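**Q** I'll drop the sequence and a predicted model, then ask my questions.
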Amino acid sequence: MIFKSNWANNKRSEKELFEYIGNMNNIQYVLPEQVVDITADNDNIAFTIQGMGKVALRVNKREANKFIQLVPEGKVPFQFSLNIYIGNNETDSASKCYFEIDAQLNPLMQMMASRPLQNLVNMMAEKAETI
């Protein structure tokens with residue numbers, strides 16, 4: 001199942017946004033407040049989601065100025081990828097991006113996780129407008 005945010009406008013150029021958000025030290029600034037105990041380097045991020053547990057992600061793929069894909073490291077309750085798409089904001093030199101979670105959910109997990117996952121990508125997009 002795919003959970004996708006709306007496009008978020010950003011003042012940075014595509015290249016600047018890609019370099020900023022593609023560094024896992026910075027992606028923490030688009031995560032919601034329920035995410036705590038964050039450790040990160042350029043390619044990896046680990047954090048705790050209050051009430052849910054620890055998650056570790058690593059960059060699986062980067063396409064310069066266009067796309068970043070994160071996948072889980074270690075044991076997770078379901079397989080997923082977090083995809084970040086970056087594009088040109090046609091009106092000026094600014095950029096835009098959207099977040100997508102592609103999750104392999106069984107029907108029970110889909111019922112439980114759909115709303116939180118959709119809220120997550122929406123919150124990330126809202127915060128991306130301000131970074």
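**A** Good, I have the coordinates. Numbers count the residues shown, from 1 in each chain.
**Q** tell me the strands in the protein, going along the chain?
**A** Per DSSP state E, the chain carries strands over the ranges 2-4, 8-10, 35-40, 44-49, 53-63, 67-72, 80-88, 95-103.
**Q** what lines up beside the fourth one in the sheet?
**A** Here strand 44-49 has these sheet partners by DSSP bridges: strand 35-40 (antiparallel), strand 53-63 (antiparallel).
**Q** tell me which of the ones you listed lies nearest to residue 46.
**A** With CB to CB as the measure, strand 53-63 is the member of the strands paired with strand 44-49 nearest residue 46 (4.1 Å). Bear in mind the C-beta positions are built from the backbone N, C-alpha and C, glycine included.
**Q** what's that closest one in contact with?
**A** Residues outside strand 53-63 that contact it (CB atoms under 8 Å, 6 or more residues apart in numbering) are 22, 24, 37, 42-49, 67-74, 76, 81-82.
**Q** ok, now with 7 Å
**A** The contact list for strand 53-63 (CB atoms under 7 Å, 6 or more residues apart in numbering) reads 22, 24, 43-49, 68-74, 82.
**Q** can I have the buried ones of those as a ChimeraX selection?
**A** Selection of buried members from the contacts of strand 53-63 for ChimeraX, criterion 16 or more other CB atoms under 10 Å:
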select :22,24,45,46,47,49,68,69,70,71,72,82
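**Q** want to try TSV for the strands paired with strand 44-49, with mean pLDDT and mean neighbour count as columns?
**A** Formatted as TSV, the strands paired with strand 44-49 follow (pLDDT from 0 to 100; neighbours: other CB atoms under 10 Å):
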stretch	mean pLDDT	mean neighbour count
strand 35-40	93	14
strand 53-63	94	15
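**Q** figure out which of those is closest to residue 131.
**A** Of the strands paired with strand 44-49, nearest to residue 131 by CB to CB is strand 35-40, at 14.7 Å.
**Q** now that closest one, how far from the chain's geometric center?
**A** Distance of strand 35-40 from the chain centroid (CA atoms, centre = their mean, to the nearest Å) equals 14 Å.
**Q** check stretch 63-70 too.
**A** The answer for stretch 63-70 is 11 Å, by CA atoms, centre = their mean.
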